[in-house]
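**Q** Fold the following and give me the result.
(2 chains)
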There are 2 protein chains.
Amino acid sequence: MMKSIASSKYLACLVGSIILNLLFIINIYVGGQWKLSWSLGAAIEAETVAAIYCSGHGRAYLDGLVVGNKPVCDCNTCFTGPDCSHFIPHCTANSDGYLRIISPFFRSMVNNQCHGISDAEDPPRLESVEELLRDLSMHSYSGDPLFLEPFWMQHLASSALVVAGWHQMSYTYGGKSFFSKELAKVVRKVHASVGNAVTQNRFIIFGAGSTQVLSAAVFALSPENTSSPAKVVTSVPYYPVDKQQTQYFSSQKFKYEGDAYRWKNRSDCSSTNMIEIVTSPNNPDGQLKKAIFHGPNVKTIYDHAYYWPHFTPIPAPSDEDVMVFTLSKLTGHAGTRLGWAVIKDETVFNRMMIHMRMNSMGVSKDAQLRAFKLLNAVLEEGTGIFDFAYQTMKSRWERLVQTVSLSNRFSLQENNPQYCTFYNKVRQLSPAYAWLKCEREEDKDCYAVLEAANIIGRQGNLFGAEDGYVRLSLVRTQDDFDILIERLHKLITEEDGDKTMREMRCNIC
Amino acid sequence: MMKSIASSKYLACLVGSIILNLLFIINIYVGGQWKLSWSLGAAIEAETVAAIYCSGHGRAYLDGLVVGNKPVCDCNTCFTGPDCSHFIPHCTANSDGYLRIISPFFRSMVNNQCHGISDAEDPPRLESVEELLRDLSMHSYSGDPLFLEPFWMQHLASSALVVAGWHQMSYTYGGKSFFSKELAKVVRKVHASVGNAVTQNRFIIFGAGSTQVLSAAVFALSPENTSSPAKVVTSVPYYPVDKQQTQYFSSQKFKYEGDAYRWKNRSDCSSTNMIEIVTSPNNPDGQLKKAIFHGPNVKTIYDHAYYWPHFTPIPAPSDEDVMVFTLSKLTGHAGTRLGWAVIKDETVFNRMMIHMRMNSMGVSKDAQLRAFKLLNAVLEEGTGIFDFAYQTMKSRWERLVQTVSLSNRFSLQENNPQYCTFYNKVRQLSPAYAWLKCEREEDKDCYAVLEAANIIGRQGNLFGAEDGYVRLSLVRTQDDFDILIERLHKLITEEDGDKTMREMRCNIC
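**A** Model (predicted):
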């Protein structure tokens, strides 16, 4: 009897164990993981590097900072240590972001370059050497949109990408084009879901970021067979790269001619070919801008890099002749270098295609694949990225406005409310940059005022404006933003302290 | 007794089953796969698409040809069907490779473009419209180096890449540079292992393929503050893109001036700034070429795209001032758009950095990461990729020489043997292109002769040479090469047949 019970027990255990065996077999061979072969090693490697702990103040990359062949944490501004947990209170040297770095390297770049800007006879010639010197420092990258990094850290599965070694080796897609049809499809879907641009019956071309796309548009819109080059203009305050790039590539076809307003009522312009670049929302001040020039000799390029719910209400889908967008300010992937233009006219599109071929024989297919994956993830997440981006920018603006309002020494641009068709409500602008003004008579060099408080912005004159203005980036990491607010707060409250001290001294007198 | 035996059997089975369970547990939780979380879905997706069967005559990509949201096979030239297994014997329309496609689209591109090439007063102006028309057809991509695809299909694990959604979002690497230090390190290692370039104490800069890097070099080497633009020259036969690109971007700084030989003994050149682009091994004829111009006013750019053991013996490491390389002709990844220059002079390097910034704000980090992964795989495989590439090219040349030698109607360039330091032996050149000559008086338009036999090459005049020459690409897929040989063979043997028939007819007369 006892043996019989033992036997039944063994049998029961055996059945249980076999069922467990079967479950393991099913799990391994039907559950998905069994399929992995060639990608497994790379996947483990990528997950291992991604899991390196950097205290939330840094990140490790396979191709990033490496010590003895091992990826290590690359820390945010003012953080250091193996896991980036150590805060440097008065950090000044060897950090980026709001901190000045004009290395001998960049100084040498500019010294060798500035002679090349042939604006000796042009109105916008003033201080171009100085401008380039300052602009070619690392401040140029203060538009780094790392405020979106946490969104992607929260959406790992939908945004992960796996690439086989033999993936897309050809110059073209199917021998037909440099540009991925599938990427163009998903770009159209994203525009349709946001309602910020008309893309039906429009051509779409890709480039290495909006930088290359804008340049392609200027080349494509410049008329041929003309004795005088087209005048390329931008209205103050303008995005400095438009000026620098147009000057750099200037030829018999086009020439940069500075502030659009200066040319507005000049009679000699009525028959001149004009190309106006309209950055809307504008960089630096975030305002929805309109073209100044109209007419048969005028071509307009709308730089819509910031025309997303992150930064502005969307009053209506834009329907301009040439509209330029970039992955950088939509998903935050500046390093992927992937921008696009939505174009009405086939001839303009064809000419931009020629530019892309002459310039770089198309656009990296790896960048196109990454964009394809990320934009699909954007669509999968519904309004997720827009909600995240808008809430982040809104909250940063609230903190900034609160801080600046503690004093009358500084003011910010007006971010007037407008109806947003994306959110179906009236909302304020939440621009990528603060266009800060020093209000005091003695603070003419606003940059210097902030610099003394260890805050590095970008001088107003780089944007064609006065030096009473400074642009501050609000799109960098949370650490960068926190440090900015802390230092602004300190500057403003110490200012109040000084004022109180002065008043006290005065009373004593 | 029977029960006892049954009981022991159950026990034995149970123990076995438990051990199996333990093995499963160990396998799952210690064997590596347990670590996968966010990358698993993407890995399964990538492996599933990569496993789509295309009969060895095509490939499916996630971002390639899609039918109803499902990736499908994109077939090689002359193959069709859901799995590319159906051969189209007399394929002409809608295929690429050696088959002519000048679509209305490309015709329109050229019609809109050609007026822009301001060479009305230049010596190399002749037929530039025609040249562009022909060149901007899909023939341009006949350099697609898909002969290397099978190598990567055989080395899946070492070349696979997994990327997190938040990977490298910034414009820069650690706020310091557009270019990956780790990539530069591995580029140096590859050059050191091959011995084809001196990289110690040299600067390395990346660009979107050698196309963008060459352009950056021309801009950087053009002198400032000069009344006349630098003359950019290339010696016949030259790489057509050098001419087209220089003409496209020509400005007050530089101008394309055609064949270098034409300027060699002109006294008015001794004080002129000259920039000579030397493609070595040369495209189209594969010969190791040297600069024609020397002197204080001369700058030389060596385009070393083909200076790898795949195509040429390596007599010595090159040690020129500016040397340009590209991933495209090393690993076969043309679509990644990743080229680099090895530069002696810091000023030239800094000026090229400015170009990269003005042009496209750096280079796609996704392209840099892909190159990093692939070049590391190249190093891991020892001489693997070089052996594969050399053997493939050698075998293709043997078949081509054998076919062409059947007749006196055609001849090929001389691929004279030379000592190769990489293989420590004397070996012949095995160029990427055949520079075929039609030897008969009546075959002045060699392109037309081949076209009649359904072989589309590139006309000699595109390279500044006579139309008795045609360039045939030998670096495309095995299918493309097989079709080329088959058609050449048919052309040559039918020719012999015709000749025999003529002789027979003659005898009858």
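**Q** Surely A:Arg357 and A:Phe178 touch.
**A** Yes. With contact defined as CB atoms under 8 Å, A:Arg357 reaches A:Phe178; the gap is 7.2 Å. Every C-beta, even on glycine, is put in place using the N, C-alpha and C of the backbone.
**Q** mind checking which helix or strand of chain A has the lowest mean pLDDT?
**A** Sorting the helices and strands of chain A by mean pLDDT, DSSP states H and E puts helix A:104-113 at the bottom, at a mean of 36.
**Q** Quote the end-to-end distance of stretch A:155-165.
**A** 25 Å (CA to CA, to the nearest Å).
**Q** For it, what is the distance to the chain centroid?
**A** Centroid separation for stretch A:155-165 versus its chain: 21 Å, with CA atoms, centre = their mean, to the nearest Å.
**Q** What average pLDDT does that stretch get?
**A** Stretch A:155-165 comes out with an average pLDDT of 97.
**Q** wait, does it contact chain B?
**A** Yes. Under the criterion of CB under 8 Å from any CB of the partner chain, chain B is reached by stretch A:155-165 at A:His155, A:Leu156, A:Ala157, A:Ser158, A:Ser159, A:Ala160, A:Leu161, A:Val162, A:Val163, A:Ala164, A:Gly165.
**Q** now do stretch A:234-245
**A** Yes. Contact of stretch A:234-245 with chain B (CB under 8 Å from any CB) involves A:Val241, A:Gln244, A:Gln245.
**Q** CA atoms of stretch A:41-57 as CSV?
**A** What follows is stretch A:41-57 as a C-alpha-only set of coordinates in CSV (Å, rounded to 0.1, in the frame of the first residue of the first chain):
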residue,chain,number,x,y,z
GLY,A,41,25.0,38.8,-29.2
ALA,A,42,24.5,42.4,-30.4
ALA,A,43,21.3,42.6,-28.4
ILE,A,44,23.0,41.5,-25.2
GLU,A,45,25.8,43.9,-25.8
ALA,A,46,23.5,46.8,-26.4
GLU,A,47,21.3,46.1,-23.4
THR,A,48,24.4,45.6,-21.2
VAL,A,49,25.8,49.0,-22.2
ALA,A,50,22.4,50.7,-21.9
ALA,A,51,22.0,49.3,-18.4
ILE,A,52,25.2,51.0,-17.1
TYR,A,53,24.1,53.1,-14.1
CYS,A,54,24.8,56.8,-14.5
SER,A,55,22.6,58.1,-11.6
GLY,A,56,20.2,59.8,-14.1
HIS,A,57,22.8,62.4,-14.8
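**Q** Contacts for it, please.
**A** Stretch A:41-57 is contacted from outside by A:36, A:60-62, A:71-76, A:79, A:81, A:83-85, A:162, A:479, B:32, B:35-40, B:43, B:157, B:160-164, B:167, B:373, using CB atoms under 8 Å, 6 or more residues apart in numbering or on different chains.
**Q** pLDDT of that stretch, averaged?
**A** Rounded mean pLDDT across stretch A:41-57 is 95.
**Q** Pull the distance from that stretch to the chain's centre.
**A** That offset, for stretch A:41-57, works out to 24 Å (CA atoms, centre = their mean).
**Q** buried ones in that stretch?
**A** A:41-47, A:49-50, A:52, A:54-57 (16 or more other CB atoms under 10 Å in any protein chain shown).
**Q** now those as CSV including secondary structure?
**A** Compiled in CSV, the buried residues of stretch A:41-57 are given as follows (DSSP: H, G, I helix; E, B strand; the rest coil):
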residue, secondary structure
A:Gly41, helix
A:Ala42, helix
A:Ala43, helix
A:Ile44, helix
A:Glu45, helix
A:Ala46, helix
A:Glu47, helix
A:Val49, helix
A:Ala50, helix
A:Ile52, coil
A:Cys54, coil
A:Ser55, coil
A:Gly56, coil
A:His57, coil
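**Q** picking up where we left off before, select from the residues of stretch A:155-165 next to chain B every entry located in strands.
**A** Residues of those located in strands (DSSP state E): A:Leu161, A:Val162, A:Val163.
**Q** Quick check: bridge partners of the first one?
**A** Looking back up the chat, that one is A:Leu161. B:Val163 (DSSP bridges).
**Q** For it, give me its contacts.
**A** A:Leu369, A:Arg370, A:Lys373, B:Ala42, B:Leu161, B:Val162, B:Val163, B:Gly165.
**Q** These: which two are farthest apart?
**A** Greatest spatial distance in the contacts of A:Leu161: B:Leu161 and B:Gly165, 14.0 Å, computed using CB to CB.
**Q** Which stretches in the stretch 101-250 of chain A count as strands?
**A** A:161-163, A:203-207, A:230-234 (DSSP state E, counting those that start in this stretch).
**Q** near chain B, which residues of the stretch 251-400 of chain A?
**A** A:251-253, A:328, A:332-338, A:346-347, A:350-351, A:353-355, A:357-370, A:372-374, A:377.
**Q** now do 6 Å
**A** A:251, A:332-337, A:347, A:350-351, A:353-354, A:358, A:360-361, A:364-367, A:369-370, A:372 (CB under 6 Å from any CB of the partner chain).
**Q** And the residues you listed, which of them are buried?
**A** Here, 16+ other CB under 10 Å leaves A:251, A:332-337, A:350-351, A:353-354, A:358, A:360-361, A:364-367, A:369-370, A:372 buried among those.
**Q** returning to that earlier point: check the residues of stretch A:234-245 next to chain B against A:Cys420 and report the nearest one.
**A** Scanning the residues of stretch A:234-245 next to chain B for proximity to A:Cys420, where the rule is CB to CB, the winner is A:Val241, at 27.8 Å.
**Q** So what's the predicted local confidence for that closest one?
**A** 95.
**Q** give me the number of residues near the nearest residue to it once chain neighbours are set aside?
**A** Residue nearest to A:Val241 in three dimensions, not counting chain neighbours: A:Thr211, with 6.4 Å by CB to CB, 6 or more residues apart in numbering or on different chains. When counting by other CB atoms under 10 Å in any protein chain shown, one arrives at 24 neighbours for A:Thr211.
**Q** Thought B:Met361 was touching A:Thr211, still the case?
**A** Yes. Here A:Thr211 reaches B:Met361: they are 4.4 Å apart, a contact under CB atoms under 6 Å.
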